[in-house]
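Engineer: Let me see the structure of the following:
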Amino acid sequence: MRVIRSRKHWFVLSLARGWRTGRCWMIFAMLLLSLAPSRGMGQASGSLQQATPQSGQAGPPAGTYTLQVNAQAVVLDVVVTDKKGKPVTNLGKDDFQIYEDKVPQTVRSFDAPVTHPEPANIAVNSTMELDKLEPTASVTILVLDEINTRFEDELFARYSLKKFLDAQGETLTQPTLLVAVDLQRFTMLHDYTTSRKDLLAALEHHLVAYPWRQGGGWKTEQFNAAVASIMEIAEATAGHPGHKSMIWIGRGFPSFDPESLSPEADAALQTTIETCTNGLRDSRVVLYTLDSAGVSTAPVAQDDDGFYTDDPFGGQIDFNAMALATGGESFFGRNDVDRLIAASALDGASFYTLSFTPTLPITDAKIFHNLRVVMRNPDLRAATREGYYSQPAKPAPARSADGKLSDRQVFDLMVAGQSTMVYDAVPLTVLRMTGTTGDFKVSLSSADVTWQTDGANKLSANVTLLVESFDKKGKLLDRQGESTTVEVPRDPDAATPGTPWVTLLAKIPTKPPAARIRFVVRLDDSGKLGSSNFLLVDPATLSGP
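Structural biologist: Purely as a prediction, here's the structure:
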């Protein structure tokens with residue numbers, strides 16, 4: 001098949017002195033506006049300039065915190081427990097009543113836990129195998145927080161996680177992803193797997209970071225690192241439609257009092273929190289926070305009917321409020337962390353999925369709509385997300401009129417490029433072209449692309465391709481970025497592509513010491529990300545994060 005390329009741009013990213021090349025937490029401008037300056041924190045320029053084909057970078061539209069309400073439908077995952085906290089999985093549609101802003105809603109669709117059973121002893125050892133063998137399975141994402149957690153508490157968290165894994169069978173009931181986060185980087189310790197042995201080995205080989213210290217500037221770095229990590233997980237897992245329980249073991253980001261910030265900083269902070277929480281919801285991630293050394297914070301205010309009196313993020317910005325907003329829970333000062341991990345993972349196997357169409361059309365912007373699910377049986381408790389923000393009136397443009405990319409666009413691509421996680425919202429196939437050393441063909445399904453009509457006989461879409469090479473220790477060697485408008489023939493009988501595949505060409509040096517090539521594709525119109533790693537050496541010889 002033939003893809004016509006037009007309006008092609010190469011970009012180069014300028015990095016300011018002092019920027020952390022090992023990780024790009026600090027590039028996201030919305031996290032930095034008017035907040036306390038961090039010691040040693042460099043700042044990226046936030047702009048990409050047209051240039052000749054050198055090291056480059058690009059990306060698509062900035063996100064805003066909104067639940068994507070397609071056709072006015074709101075979808076909820078609901079976990080129901082009895083008085084003892086045990087999941088209840090034998091209920092029917094009539095046992096639930098949904099309220100939005102205190103107005104009763106009609107349940108349009110209903111799926112019981114039995115409709116999404118856990119995989120039965122099926123070996124899963126990667127994201128690719130997960131999406132192929134168990135495309136709708138519930139999964140568990142374990143995050144070891146080494147950002148804002150004392151060293152002794154990190155050791156206790158590892159001990160608790162090992163205790164939890166030791167109590168499981170050789171084959172886990174849910175595919176599990178294990179990551180660690182510190183101020184410098186986000187490290188995938190092990191891709192999705194059902195092997196208890198492999199997770200224990202990955203945990204054993206991971207060296208605990210020692211990041212905790214106090215200070216105003218340090219607080220900003222902790223916040224940035226935690227939020228960037230959550231956003232990376234949400235974007236990387238967006239392509240898997242199954243329910244995801246993210247169990248964050250540690251303190252998360254420090255609290256911020258909006259009254260201590262300037263109005264501009266407060267607005268930027270609110271937007272960042274909203275964007276991050278929205279990403280979790282859109283990716284169907286429920287957040288659980290486990291801080292064994294922490295102290296419980298005051299709950300969000302509710303009225304006599306159990307509805308939140310305001311936007312849950314309208315006051316103190318708190319990490320645990322994010323957990324409650326996604327339908328998860330926060331646990332503090334507990335010594336049985338291993339049991340809490342098991343209970344949080346169990347929620348992923350016990351949820352109901354309900355949807356409703358709001359009684360009143362959603363036409364406002366940035367207004368928080370409170371949700372509450374009430375059980376007909378008063379002895380039962382339903383846990384789901386607290387609400388959602390309406391879709392904005394106008395989506396952000398893909399890029400500015402002069403072709404420059406936003407800080408958010410740059411952030412998304414840089415994070416995906418320096419990660420080893422597989423971003424599966426846009427599945428990629430990478431082939432090395434015969435007879436060449438650095439030429440590759442990157443293919444993606446045309447069905448994953450949001451197309452625009454470009455004349456009577458063709459469709460077009462804006463796509464950004466980032467290609468990076470790394471040595472065996474994970475050091476970046478080269479980076480090539482290209483922003484392209486691709487055009488494909490249009491099916492004469494429908495407004496759909498007349499070809500099943502879109503193929504992009506990439507070229508990057510592959511001579512030693514290059515060991516791994518990282519490919520990242522971002523679709524500008526939808527913001528979806530896809531990635532793939534191409535290994536030039538035996539994977540056993542790689543030692544980088």
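
Engineer: where are the low-confidence patches of the stretch 201-350 of the chain?
Structural biologist: The stretch 201-350 of the chain contains residues with pLDDT under 70 at 209-218, 293-316, 334-335, 345.

Engineer: okay, now the domains of the protein?
Structural biologist: 4-64+403-541, 71-118+351-391, 120-348 (automatic domain parsing).

Engineer: TSV for the ones you listed, including mean neighbour count?
Structural biologist: Quick note: C-beta positions are derived from backbone N, CA and C, even for glycine. Listed next are those as TSV, based on neighbours: other CB atoms under 10 Å:
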stretch	mean neighbour count
domain 4-64+403-541	18
domain 71-118+351-391	16
domain 120-348	19
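
Engineer: can you tell me which of these the model trusts least?
Structural biologist: Mean pLDDT values for these show the minimum at domain 4-64+403-541, a mean of 73.

Engineer: so P492, which of the three states?
Structural biologist: coil (DSSP: H, G, I helix; E, B strand; the rest coil).

Engineer: what sits against it?
Structural biologist: Going by CB atoms under 8 Å, 6 or more residues apart in numbering, P492 touches N457, G498.

Engineer: ok, now how distant is it from F440?
Structural biologist: When distance is defined by CB to CB, to the nearest Å, P492 is 32 Å away from F440.

Engineer: Equivalent analysis for E329, please.
Structural biologist: For E329, the distance to F440 - CB to CB - is 45 Å.

Engineer: just D525 next, same as before
Structural biologist: Distance of D525 to F440, given as CB to CB: 24 Å.

Engineer: again with L183
Structural biologist: According to CB to CB, L183 and F440 sit 34 Å apart.

Engineer: go on, F223?
Structural biologist: From F223 to F440 the distance is 37 Å (CB to CB).

Engineer: same check, this time on F156
Structural biologist: Taken as CB to CB, the span from F156 to F440 is 45 Å.

Engineer: do the same with D471
Structural biologist: Distance, D471 to F440, using CB to CB: 18 Å.

Engineer: ok, which stretches of the stretch 151-300 of the chain are strands?
Structural biologist: 171-181, 186-195, 244-249, 285-291 (DSSP state E, counting those that start in this stretch).

Engineer: Next, the angle strand 285-291 makes with the shortest one.
Structural biologist: So that's strand 244-249. Put simply, strand 244-249 runs at 20 degrees to strand 285-291, going by axes from the mean of the first three to the mean of the last three CA atoms, to 10 degrees.

Engineer: which helices and strands sit right next to strand 244-249?
Structural biologist: Helices and strands touching strand 244-249, by 3 or more CB pairs under 8 Å, 6 or more residues apart in numbering; DSSP states H and E, are strand 139-145, helix 151-166, strand 285-291, helix 337-347.

Engineer: Mind doing that once more with 7 Å?
Structural biologist: strand 139-145, strand 285-291, helix 337-347 (3 or more CB pairs under 7 Å, 6 or more residues apart in numbering; DSSP states H and E).

Engineer: Please apply the same query to the longest one.
Structural biologist: Helices and strands in packing contact with strand 171-181 are listed as strand 139-145, strand 186-195, helix 196-205; criterion 3+ CB pairs under 7 Å, 6+ apart.

Engineer: Select, out of the ones you listed, the one closest to S445.
Structural biologist: When the helices and strands packed on strand 171-181 are compared by CB to CB, strand 186-195 sits nearest S445, at 21.3 Å.

Engineer: No further questions, thank you.
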